[in-house]
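Asks: here's a sequence, model it:
(one chain, ligands or ions: 1)
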Amino acid sequence: MKAVVFERFGNPDEVLQVRDAPEPTPGKNQVRVRMRASPVNPSDLLVVRGQYGRLPSLPATPGFEGVGVIDALGGGLLKYLRGLRPGRRVAVLNGPGGNWQEKVVVSARHVVQLPDDVADEQGASFFVNPATALVMTRRVLAVPKGGWLLQTAAASALGRMIIRLGKFDGFRTINLVRRREQADELRALGADEVLSTQADDVVSKVKAFTGGEGVRYAVDAVGADTGLTAVRCMGSGGRLLVYGTLAGQPIPLDPRLLIAGQKRIEGFWLSDWVRQQGALTMLRLFRQIISLMRSGVLTTVVQAAFPLDQIREAVRLAEQPGRTGKVLLRC
Ligand SMILES: NC(=O)c1ccc[n+]([C@@H]2O[C@H](COP(=O)([O-])OP(=O)(O)OC[C@H]3O[C@@H](n4cnc5c(N)ncnc54)[C@H](OP(=O)(O)O)[C@@H]3O)[C@@H](O)[C@H]2O)c1
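Replies: Model (predicted):
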């Protein structure tokens, strides 16, 4: 079977290659999935570059999530408890990575059965962005109805989910983008305000939107000066979750910005959050994601799909600015 493999950390379009690999056999409480599709997410590419929070031993295969069909079951009772059978279509949440190959073996705990009306394109991006959007806004920040949430990288797949969640849950969003031409599209999704970090005086406009107060809730995936702008937009008691490093540079922070008004900056990593949850919380979260996918809230736009053989073209497109949607690998 074919697998995307890297033997050293580096630029994805230089180090990733497609190889023949032996078909894996499922062990106790494991299932084997014939993969159909897996997205190229920023976190996958950070792993390949050797810049992610947790790194695999090499050689390794990237791919934290994806969709496929169960084709073999290992021993143990877990598969019965979870109703898993060959032929069932599942989302595959692969904590260590490894979904960019034709067949993958994972714990029966790490697959979620998908209803027929959730298309492969959506099932492929079932967990990483939907769960992060939901957990950050509903559980960690608990943004109240009518409250203002400011976000950076607002046109990302995850940012668009937060905009739609704002409409669904009743909180208001101020959305920062680096390209002004995305504003109309984000407003059509339900964004209350859209500002360009290149062209607008963001801090004074945010103060005006919020009656001079600044925002209580913010999430930043960019860092650098954009992250600093998010800090400057916070009002008294404000909380900023930092959850991405798209600019690849630190936030140049003057601590006095936090002291006045006792503002907080906290890190959020889905993988750490998941490790702290019990099985029931996770099952409830999976159900919520399925329901919000069906209602069009936690959906992902796909720009292009590539076969595994074209992995280098796929990662090059995934890193281009100004994409209109996710890049998918067809496995
Ligand atoms: N902490 C966690 O647990 C967690 C979980 C999920 C996702 N994330 C993070 O969430 C972020 C978004 O993920 P995604 O899959 O939604 O991304 P995506 O769909 O690939 O979109 C990336 C977006 O980032 C923007 N961008 C890239 N570099 C930028 C820069 N230097 N300054 C400003 N904007 C920039 C792009 O803007 P253009 O449209 O202008 O090109 C694009 O809209 C990533 O950082 C990812 O690592 C974190």
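
Asks: make it CA atoms for all contacts and neighbour counts henceforth
Replies: OK.

Asks: the nearest residue in space to residue 253 that is not next to it in sequence sits in which helix or strand?
Replies: Residue nearest to residue 253 in three dimensions, not counting chain neighbours: residue 228, with 6.5 Å by C-alpha to C-alpha, 6 or more residues apart in numbering. In the assignment (DSSP states H and E), residue 228 maps to helix 224-232.

Asks: then that helix to PDB, C-alphas only?
Replies: Extracted in PDB, the C-alpha atoms of helix 224-232 (Å, rounded to 0.1, in the frame of the first residue of the first chain):
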ATOM      1  CA  ALA A 224       3.500  38.700  16.000                       C
ATOM      2  CA  ASP A 225       2.000  42.200  15.500                       C
ATOM      3  CA  THR A 226      -1.400  40.800  14.800                       C
ATOM      4  CA  GLY A 227      -1.400  39.000  18.200                       C
ATOM      5  CA  LEU A 228      -0.300  42.300  19.800                       C
ATOM      6  CA  THR A 229      -3.300  44.100  18.100                       C
ATOM      7  CA  ALA A 230      -5.600  41.500  19.700                       C
ATOM      8  CA  VAL A 231      -4.100  42.200  23.100                       C
ATOM      9  CA  ARG A 232      -4.600  46.000  22.500                       C
END
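
Asks: which element follows that helix toward the C-terminus?
Replies: Helix 224-232 is succeeded, C-terminally, by strand 234-242 (DSSP H and E).

Asks: which parts of the stretch 151-300 of the chain sit against the ligand?
Replies: 153, 155-158, 178-179, 221-222, 243-247, 268-270 (C-alpha under 6 Å from any ligand atom).

Asks: what sits up against stretch 9-20?
Replies: With contact meaning C-alpha atoms under 8 Å, 6 or more residues apart in numbering, stretch 9-20 is reached by 1-8, 45, 47-50, 308-309, 311-313, 315-316.

Asks: which residues in the stretch 201-331 of the chain form strands?
Replies: 215-220, 234-242, 264-267, 302-307, 326-330 (DSSP state E, counting those that start in this stretch).
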